[in-house]
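In: Next come a sequence and a model predicted from it.
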Amino acid sequence: MDVVIDNLDTILGGFRNTLMLTLIAGGISLVLGTLLAVFRVGPIPPLRWAGTAYVTLIRNTPLTLIFFFTTFGLPKLDFSMSFFTRAVVALAAYTSAFVCEVVRSGINAVAPGEIEASRSVGLNFPQTLRTVVLPQAFRSVIPPLNSTMTALAKNTAIAVAFSVFEATAILRRLQNEFASATFPLLISTAIGYLVITLTISGAFNLIERRVAIRR
Amino acid sequence: MTSILYDIPGPRARRRTLIGSIIGGVLIAAVITLIVVRLEDSGQFRSEFWEPFTDSGIQRGLLRALGATLKAAGIAMVFALLLGSLLAVGRLSERAPMRWLATGVIEFFRAMPLVLLIFFARFGLPELGVDVDVLWYLVIGLSLYNGAVLAEILRAGIQSVARGQSEAAYAIGLRKSQVMRIVLLPQAIRTMLPTLVSQLVVLNKDTALGYIIAYPELLRRGKLIADNFGNIIPMAIVVGSVYILINLGLSTLASYLEGRQRRRGLPAPIDDIGLKEAA
């Protein structure tokens, strides 16, 4: 237990990095995922195919392999960036495929009458999407987005093997140093993750109540 | 191409779609070209990077590693199904403490990063004097996490079995445990079969975490090859294709099963988008 208290700053620093990874990758994947979803439901065939291909490839690839690619592969292609950025790229690339599917399911769940009505008042495809479909779609997909973002927060732990000093990597380092404190370290890290995932769920529940459509 | 999101295109809309297609197509082609040029410039297509994969020794090594991957996924799936059934039944129990315990366990394991659970097994168990092959640390981590996920899927399945089924079972004098074991669980598993198979895809992907604790699975083997030949990117492409092929196969199986259920008039598996996580 002493080990945990003595190294509390280090542990919290690790969780700060975990949070940063989650927030940045989460933000990017929300934007990218929505864009992909729009591609997939849009009228332009090449964009539809590209969106489908991306989602199919990414969803069937292990995240560890994507980390592998961004961490060890990108430098071979002369992209130089920090380990942190490479982890963000991997997480955002992976999560946006899932966000895309969630948003798409939300778009499909919008009542057809709404869409027909907006078309019949003369809105074109981008206008229909922006003013009628997407606002409703986002409201209805908040619960599954919650799972996706919680999963993202948990997935940041994979960065432990790719030189990012997030919470799990700190756990590994401290555990190496103080093997006798293995359990206190494991449990305190577990509690940290519980706090993060519960906070995310709480935030989404709050948003859900705020923006709920009153029918 | 029928979508209610836009009108059936007339001549002008068709022209606009065509222009959009051309611009979109050119953009995509440009991105692909850029990637290929970048790969070519950094010499990723050199034959000495790809030649290793034609060597039968290396191929055998990769196949063995693939076997190890599938073995971990298969064993973990069996354990996860057992644990998931127990937890699901526990959560539906009439005894409150039982319910709380099962709910607590499910929520805890679902909130944990899988990596951390694997570390619990890998570093925690030896502290307790348990010393087993590294395969089992991976399997334990995978089973705990997926057991909790499957518990929720199975619970939804059990609740979707028509009430008359359990009422009839009680009426012919079966005990509670018998009703669950003989009547409810088999039907729940059948209803949820497509969802269970797609969870297998998630599990199969997650075995790649074995890389982190040095379990000799596909990715670990690939890393070994890449360390020898410096061909990280060709390796990632080859190994990635193997994962994608297997998982696509499983996904196809899942949607086949789903279609078959619909044809037979069985209840469709509930929409699992909220249950299945991007794990």
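Out: Happy to help now that I have it.

In: Tell me how many other residues surround residue A:187.
Out: Residue A:187: 14 surrounding residues under other C-beta atoms under 10 Å in any protein chain shown. C-betas here are computed from N, CA, C, even on glycine.

In: Whether the worst-scoring helix or strand of chain A on mean pLDDT contacts chain B - can you check?
Out: Scoring the helices and strands of chain A by mean pLDDT, DSSP states H and E places helix A:2-6 at the bottom, with a mean of 81. No: against chain B, helix A:2-6 shows no contacts by C-beta under 8 Å from any C-beta of the partner chain, the least distance being 13.6 Å.

In: pretty sure residue A:41 contacts residue B:5?
Out: Yes: assessed by C-beta atoms under 8 Å, residue A:41 is found in contact with residue B:5 at 5.8 Å.

In: Identify the contacts common to these two.
Out: The contact sets of residue A:41 and residue B:5 overlap at residue A:107 (C-beta atoms under 8 Å, 6 or more residues apart in numbering or on different chains).

In: Could you pull up the residues touching residue A:161?
Out: So residue A:161 contacts A:64, A:67, B:211-212 (C-beta under 8 Å, 6+ apart).

In: swap that for residue A:48, sorry
Out: Counted by C-beta under 8 Å, 6+ apart, residue A:48 has contacts A:39-42.

In: can you check residue B:209 too?
Out: Per C-beta under 8 Å, 6+ apart, neighbours of residue B:209: A:62, A:64, A:158, B:114-115, B:118, B:138, B:141.

In: What sits closest to residue A:124 if chain neighbours are left out?
Out: residue B:6 (7.7 Å; C-beta to C-beta, 6 or more residues apart in numbering or on different chains).

In: And the one you found, how close does it get to residue B:230?
Out: 50 Å (C-beta to C-beta, to the nearest Å).

In: Poorly predicted segments of the chain, please.
Out: Chain wasn't specified; assuming chain A. A:213-215 (pLDDT under 70).

In: Actually, chain B is the one I wanted.
Out: Ranges of chain B meeting pLDDT under 70: B:1-3, B:7, B:265-279.

In: can you pull out the helices in the chain?
Out: Since you didn't name a chain, this refers to chain A. Remark: helices assigned in chain A by DSSP state H are A:2-6, A:8-41, A:45-59, A:63-68, A:83-109, A:112-120, A:125-127, A:134-140, A:142-155, A:167-177, A:182-211.

In: that's the wrong chain, I meant chain B
Out: Going by DSSP H, chain B shows helices at B:11-41, B:47-50, B:56-91, B:96-111, B:114-119, B:125-127, B:134-160, B:163-171, B:176-178, B:185-191, B:193-206, B:218-229, B:232-263.

In: ok, the closest residue to residue B:93 other than its chain neighbours - contacts?
Out: Leaving aside its chain neighbours, residue B:93 sits nearest to residue B:99 (5.3 Å; criterion: C-beta to C-beta, 6+ apart). By C-beta under 8 Å, 6+ apart, the contact list for residue B:99 reads B:90-93.

In: Residue B:260: how many residues sit nearby?
Out: 12.

In: Let me fix that, I meant to ask about residue B:19.
Out: Neighbours around residue B:19, by other C-beta under 10 Å: 11.

In: measure the residue lying closest to residue A:24 once chain neighbours are set aside to residue B:59 for me?
Out: Excluding the flanking residues, the one nearest residue A:24 by C-beta to C-beta, 6+ apart is residue A:88, at 5.3 Å. From residue A:88 across to residue B:59, the span is 35 Å (C-beta to C-beta).

In: higher neighbour count, the two?
Out: Neighbours were counted for residue A:88 and for residue B:59 using other C-beta under 10 Å; residue A:88 has more, 25 against 12.

In: For the residue in the stretch 51-200 of chain B positioned nearest to chain A, give me its contacts.
Out: Closest to chain A within the stretch 51-200 of chain B is residue B:113: 3.6 Å, counting by C-beta to the nearest C-beta. Residue B:113 makes contact with A:153-158, A:168, A:193, according to C-beta under 8 Å, 6+ apart.

In: ok, now residue A:107?
Out: A:37, A:41, A:133-134, A:137, B:5.

In: Out of those, grab the one that's most surrounded.
Out: Neighbour max across the contacts of residue A:107 (other C-beta under 10 Å) = residue A:37, 27 neighbours.

In: isn't that residue right up against residue A:104?
Out: Yes: under the criterion of C-beta under 8 Å, residue A:37 makes contact with residue A:104 at 4.5 Å.

In: how about residue A:44, what does it touch?
Out: Counted by C-beta under 8 Å, 6+ apart, residue A:44 has contacts B:17, B:20-21, B:24.

In: Residue 196: neighbouring residues, count only.
Out: Just so you know, I chose chain A. 21.

In: look at chain B instead
Out: So residue B:196, with other C-beta under 10 Å, has 23 neighbours.

In: Which residues are in contact with it?
Out: B:81, B:150, B:153, B:189.
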